[in-house]
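S.K.: just the structure for this:
(2 chains)
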Amino acid sequence: MDDELVLEVTGLTKRFPGVIANEDVSLTVHKGEIVALLGENGAGKSTLVKMIYGLYRPDEGEIRIKGESVRLNGPREAIRRGVGMVHQHFQLVPVFTVAENVILGDEPRKLSFIERRKAVKEVTALAAKHGMAVDPKALVRDLPVGAQQRVEILKALYRQADILIMDEPTAVLTPQETDELLKVMKGFAASGVAVIFITHKLREVLAIADKIEVLRGGKVVGTTTPSETDQGKLAQMMVGRSVLLSVDKSVASPKEIVLDVVGLSSDNDIGLPAIRNVDLRVRSGEIVGIAGVEGNGQRELVEALTGIRKSTATKFTINDENAIGASPHKIHGMHVGHVPEDREKDGLVGQYSIANNMVLNRFDEPEFSRRGIRNMDAVNSLATKLVKDFDVRTPSIKTPANSLSGGNKQKVVIARELSANPSLLVASQPTRGVDVGSIEFIHSQIISARDSGAAVLLVSAELDEVLGLSDRILVMYDGQIVAELEGANPDRAEIGRLMAGGHAVVAEDSSHG
Amino acid sequence: MSSDGPAQTDLGFTDPNPTLGPKYGPVKAIAIPIVSVLLAFAVGGILIYFQGVNPFTAYRVLFESALGDSDGLLRVMQKSTPLIFTGLAVVVGLRVGLFNIGAQGQLTVAAIGAAWAGYHFDLPTVVHLTFALGFGMLCGAAWASIAGVLRAYRNVSEVITTIMLNSIAIALVDYLASRTFKEPDQPISRTPLISDSAALATFGVIPSGFVIALIVSLFFGWFLIRTTEGFRFNTVGLNPNAARYAGISVKRTIVLAMAVSGALAGMGGAVETMGVVGRFEPAFNAGLGFDGITIALLARANPIATIPAAILVGILRTGANSLQFETGIEPEVVDVILALTLLFVAAPIVSRYIFRINAKRKSKSKGRS
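M.R.: Modelled structure (predicted):
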């Protein structure tokens, strides 16, 4: 880190009708410094960086880039001054190669022809310089998410960015990709690039930030460094109250088998085997967690168990009832609750009110309909109760679901699935993209479902979540369950190794898969 | 804009599925189409002016011939009746996320079906009316179901299949009207007249088909909002993935909705045959199905709003002929007015300028991290 100030923001205020998105925000960034912007959804992090990147114009306050006071009229001007931004949703052309994407808009030209060979060479050199593995000639659409993100970063670096803004860069990455990205970010800092990154993952902030700015309600509520703070203090600053980070739960007392699966196999969307011969048992009163790098068959497993995906099995019963070949409707009728991985796409109808979403899979049950006519009074009173019980922050039960924050959307889904008192709950990524306060609440709800006798199958890409919630952990790799770990404190490193395809050292584990 | 905030409600009597366009409160929802229609008339007036006719005279002729006497009123209602049905047919499709371009074909097939049921049988009046109407609906439903099944089970776009089925329907009924069902000893291709027992009566200036159309519209307004099946329709239309995850059979819903849509278009054809034409004659039904698309979009997929939208089109179509007769203006000017109305309704231009909706407000909820 250098002492040279590259960015200085003072008294920045941005108002939208009815909302103050940023109020009197000040921030300094030095050369080669990694500054983390930490805050819950809606805290004003994105608004702040969008002003720095020229996408929004501040109502009040001043932005100084490299000592010069600027009024940015758009990203082009910000880019010219060395500000680069990696958006959360990538801005890439899928059918172009990596090199083409990187140079797009700033192409090396000779007589107005693009010098492709030069472009590939430059991009290769740039990637090598920053230790990023990427093939300049590969088509972007063929690349995994992590590699696409590297292309986004290269785009910014190619334009000689020395202030790099990254908006939730790790939200879409697997744990391995995240580690790699953090390493790359440290490399940037070492080479003098200042990095501003937005996140709400506390572990990452503590691992790599030089300085942490915590935002809440549009204001900076604290500035600290990793050595002065810890996860608990940060969470408290973000949420404004103390937050339970480790999951508080009693010892499980598993009873009868609810889900019994032997030899379950299923294909993925393009017809290739995704899960092979999975054996799985979940008992009443226990949480079984599935750990694994995303894309190893977890999604297909969940969809097969909930009837959404076709599968074959020698045995698949729920409470001793045969569920082979059953439709989603039939499986729901066997008292199975399902929290889908992608709540916006699969779990909610965004335009529907919260009330309608609360009965999305029960609207035709006798309680809510009579002779084909809906009983809206019953729907509304259930919704009113669930909004209160599950602490959904909303002006009204009539509010459309898509105007809620991520955490509150997920609370609606969880409320719906748990209110039917399922004997089996299949929860996939239950806290993805959810703020710290809501995570705590959702975890406590899952545990109390377990304690009241539900069998819970938890699938999560967050290893911490699997470790914290599960009574038993299964590791999934390449479509198979490769290990089963029991006990209160499984070895994190061991699970990580298994997730990456290493074989179990414990002898009893080899019997699985 | 879906992120526009909690203005939209969907409980009790309000609609859970504002399928088309931006969301407005009740005042704007009524005012915007009206303002759009007026603007379209203004632009249409300019076109008329450049044809050398005083636009005010032209519009007076148009409206007087349509609304000035009982003959005109009857013709407007007769004209509007099948339009309400085809409008509803398209509306029901839109609710389930299907764009039924095939109302024309479904209506045509039903029109000849009802004609056959009307002339081939001799039954007591009530039975015959029900049978002919029901048979027409069945023909329309069956015709639409081809597209519905292909969409549900083979994922073939209903836009393409319904367009193709329109062409097939026209060829089919031409064949039937000139061979199988042809009125004997007549030079032109048409079916015999239906029996009196299958003819829909007209009470004064009110055709009974028009009354049926109003009742059916109100029924669907209620059906889509208050019934479980209607909820399935809306859910599949708004988010088929969530519908599937919630245990709704998307395939079944698509097939059913397409059949209902076809039955509605078919009802339009049957009512036209039984209440206005009295037999099937090719070319009598031209354009009714396509006007249905305009009407459904104008009504923004709301079954109740389909009524005024269809009546507006009915007035314009009725008045267009007199317009040509009395002023020499090509009746196509009416198509221009309709197209402009649709453009103004669909594009947010009108709402922006008339109601000064601040564009910035739209970014409100997106503006924060």
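S.K.: where do the strands sit along the stretch 101-250 of chain B?
M.R.: In the stretch 101-250 of chain B, the segments counted as strands under DSSP state E, counting those that start in this stretch are B:202-203, B:206-207.
S.K.: average pLDDT for the first one?
M.R.: Just to be clear, that refers to strand B:202-203. Averaging pLDDT along strand B:202-203 gives 90.
S.K.: same question for stretch A:404-422.
M.R.: For stretch A:404-422, mean pLDDT is 91.
S.K.: likewise for stretch B:206-226?
M.R.: Mean per-residue pLDDT for stretch B:206-226: 95.
S.K.: now swap in stretch A:472-487 and tell me
M.R.: pLDDT averaged over stretch A:472-487 gives 88.
S.K.: please identify the buried residues of that stretch?
M.R.: The neighbour-count check on stretch A:472-487 (16 or more other Cβ atoms under 10 Å in any protein chain shown) flags A:472-485 as buried. (Glycine included, C-beta is placed from N, CA and C.)
S.K.: now do the closest residue to B:E281 other than its chain neighbours: how many residues are near it, please.
M.R.: Nearest residue to B:E281, sequence neighbours excluded (Cβ to Cβ, 6 or more residues apart in numbering or on different chains): B:R190, at 4.2 Å. Close neighbours of B:R190, defined as other Cβ atoms under 10 Å in any protein chain shown, add up to 21.
S.K.: inside strands: which ones of the buried residues of stretch A:472-487?
M.R.: A:R472, A:I473, A:L474, A:V475, A:M476, A:Y477, A:Q480, A:I481, A:V482, A:A483, A:E484, A:L485 (DSSP state E).
S.K.: what distance do you get for the residue nearest to A:A291 when sequence neighbours are not counted to chain B?
M.R.: Nearest non-adjacent residue to A:A291, counting by Cβ to Cβ, 6+ apart: A:V466, 4.5 Å away. Separation of A:V466 from chain B (Cβ to the nearest Cβ, to the nearest Å) stands at 23 Å.
S.K.: please apply the same query to A:E204.
M.R.: Taking Cβ to the nearest Cβ, one finds A:E204 at 16 Å from chain B.
S.K.: I figured that residue hits A:L181, correct?
M.R.: No - applying Cβ atoms under 8 Å as the test, A:E204 and A:L181 come out as separate, 9.1 Å apart.
S.K.: close to chain B, is stretch A:37-48?
M.R.: Yes - on the criterion Cβ under 8 Å from any Cβ of the partner chain, stretch A:37-48 is in touch with chain B at A:G39, A:N41, A:G42, A:A43, A:G44, A:K45, A:S46, A:T47, A:L48.
S.K.: doesn't the last one belong to a helix?
M.R.: What that stands for is A:L48. Yes - assessed with DSSP: H, G, I helix; E, B strand; the rest coil, A:L48 lies in a helix.
S.K.: what pLDDT is listed against it?
M.R.: Reading off the model, A:L48 has pLDDT 92.
S.K.: report how many residues lie close to it.
M.R.: Counted with other Cβ under 10 Å, the neighbours of A:L48 add up to 30.
S.K.: care to break chain A down by domain?
M.R.: Here the domain parsing of chain A from automatic domain parsing is A:5-239, A:244-335+A:423-513, A:347-420.
S.K.: for the first one, measure first residue to last.
M.R.: Yep, that's domain A:5-239 we're talking about. 30 Å (Cα to Cα, to the nearest Å).
S.K.: pull the contacting residues for the residue nearest to B:E281.
M.R.: B:A177, B:K182, B:E183, B:R279, B:F280, B:E281, B:P282 (Cβ atoms under 8 Å, 6 or more residues apart in numbering or on different chains).
S.K.: so the last one, which of the three states?
M.R.: Pointing back at B:P282 there. coil.
S.K.: please work out how many residues are found near it.
M.R.: 18.
S.K.: among the contacts of B:R190, which one has the most neighbours?
M.R.: Neighbour counts for those (other Cβ under 10 Å) peak at B:F280, which has 30 neighbours.
S.K.: pretty sure that residue contacts B:V109?
M.R.: No - using Cβ under 8 Å, B:F280 makes no contact with B:V109, being 10.2 Å away.
S.K.: which neighbours do the two share?
M.R.: B:V173.
S.K.: hmm, back to that, distance to A:E321 added to the contacts of B:R190, as JSON lines?
M.R.: Formatted as JSON lines, those follow (distance: Cβ to Cβ, whole Å):
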{"residue": "B:A177", "distance to A:E321": "57"}
{"residue": "B:K182", "distance to A:E321": "61"}
{"residue": "B:E183", "distance to A:E321": "63"}
{"residue": "B:R279", "distance to A:E321": "59"}
{"residue": "B:F280", "distance to A:E321": "55"}
{"residue": "B:E281", "distance to A:E321": "60"}
{"residue": "B:P282", "distance to A:E321": "58"}
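S.K.: identify, from those residues, the entry nearest to B:I248.
M.R.: B:F280 (38.6 Å; Cβ to Cβ).
S.K.: wait, what's in contact with the closest one?
M.R.: B:A111, B:I112, B:A114, B:A115, B:W116, B:V173, B:A177, B:F181, B:R190, B:T191, B:T273.
S.K.: now the two most distant members of those residues.
M.R.: Pairwise distances across the contacts of B:F280 peak at 13.9 Å for B:A114 and B:R190 (criterion: Cβ to Cβ).
S.K.: beta partners of A:E60?
M.R.: Counting by DSSP bridges, A:E60 is bridged to A:T13.
S.K.: out of the strands of the stretch 101-250 of chain B, which comes closest to chain A?
M.R.: Set against chain A and scored by Cβ to the nearest Cβ, the strands of the stretch 101-250 of chain B come closest in strand B:206-207, at 30.4 Å.
S.K.: neighbouring strands for the closest one, and are they parallel or not?
M.R.: Strand B:206-207 has the following strand partners under DSSP bridges: strand B:202-203 (antiparallel).
S.K.: all helices of the stretch 251-400 of chain A, in order?
M.R.: Counting by DSSP state H, counting those that start in this stretch, the stretch 251-400 of chain A has helices at residues A:298-305, A:328-333, A:354-358, A:376-389.
S.K.: and for the stretch 201-350 of chain B?
M.R.: Applying DSSP H, counting those that start in this stretch to the stretch 201-350 of chain B gives helices spanning B:208-226, B:228-238, B:240-245, B:250-272, B:288-298, B:306-327, B:333-346, B:349-355.
S.K.: dump the ones you listed to TSV, plus distance to chain A and mean neighbour count.
M.R.: Below are the helices of the stretch 201-350 of chain B laid out as TSV (distance: least, Cβ to the nearest Cβ, whole Å; neighbours: other Cβ atoms under 10 Å in any protein chain shown):
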stretch	distance to chain A	mean neighbour count
helix B:208-226	6	19
helix B:228-238	5	23
helix B:240-245	5	22
helix B:250-272	10	28
helix B:288-298	18	26
helix B:306-327	21	22
helix B:333-346	18	20
helix B:349-355	15	15
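S.K.: mean pLDDT lowest where, among those?
M.R.: helix B:349-355 (a mean of 57).
S.K.: would you list every one of the helices in the stretch 401-513 of chain A?
M.R.: Using DSSP H, counting those that start in this stretch, helices in the stretch 401-513 of chain A cover A:406-419, A:436-451, A:463-469, A:492-499.
S.K.: out of those, deepest packed?
M.R.: Highest mean neighbour count of those: helix A:406-419, a mean of 24 (counted as mean count of other Cβ atoms under 10 Å in any protein chain shown).
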